[in-house]
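S.K.: structure for the following, please:
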Amino acid sequence: MPQVLVIMGSKSDLPVAEKATALFKKFGITYEAAVASAHRTPKRVEDLVKGSDAEVFIAIAGMSAALPGVVASFTVKPVIGVPVSGKMTLDAILSIVQMPPGIPVAAVGLDRGDNAAVLAAQILSVKYPEIRDKMQVYRKEMADKVEKDSAEVAASVQA
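M.R.: Numbering: from 1, shown residues only. Next comes the predicted model:
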């Protein structure tokens, strides 16, 4: 059983999904990925969502970005929408954040598959202490990098 199901609106969204899957591997989160279009294959979207035991869904889509909302319409589990940048970037963002009452979708920034993975990990960490522990390590690694970068910058401007 995957903990997260990642659904992409098209194969071209794969680079965004790979940002998420890289972090899932780091955090030890099980996942599956699929391509299904909210407009071209709505029955496939429904079957994927209703047939999945995943605890969190990530839906990645550009253009009109209806996919996250359609996924949310078929489940009461958390859905994270990732808008994909392109010709209609604002449309993609608004389609995800402007959901009607009662059918929310969490939204992360454009192309931020990595933030979708972190948010999914935070949701899962409520139930899985081992993911929570890995998230603490990840946060420390980020803080350590900022400290290292700051030291390098300070050294370079004083030279």
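S.K.: which residues in this structure form strands?
M.R.: Secondary structure of the chain (DSSP state E): strands located at 4-8, 31-35, 56-61, 79-83, 106-107.
S.K.: ok, the shortest one: who's next to it in the sheet?
M.R.: When sheet partners are counted by DSSP bridges, strand 106-107 sits next to strand 79-83 (parallel).
S.K.: what does the strand it pairs with contact?
M.R.: By CB atoms under 8 Å, 6 or more residues apart in numbering, the list of residues contacting strand 79-83 from outside reads 16, 20, 56-62, 65, 67-69, 71-72, 89, 92-93, 95-97, 104-113, 116, 119-120. C-beta here means a position set from N, CA and C on the backbone, and glycine is covered the same way.
S.K.: and that strand with strand 56-61, angle?
M.R.: Using axes from the mean of the first three to the mean of the last three CA atoms, to 10 degrees, one finds that strand 79-83 and strand 56-61 are set 20 degrees apart in direction.
S.K.: with distance to Glu46, mean pLDDT and mean neighbour count added, can I get the strands of the chain in CSV?
M.R.: As requested, the strands of the chain are exported to CSV (distance: least, CB to CB, whole Å; pLDDT from 0 to 100; neighbours: other CB atoms under 10 Å):
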stretch, distance to Glu46, mean pLDDT, mean neighbour count
strand 4-8, 11, 98, 27
strand 31-35, 12, 98, 17
strand 56-61, 12, 98, 28
strand 79-83, 14, 98, 29
strand 106-107, 20, 98, 22
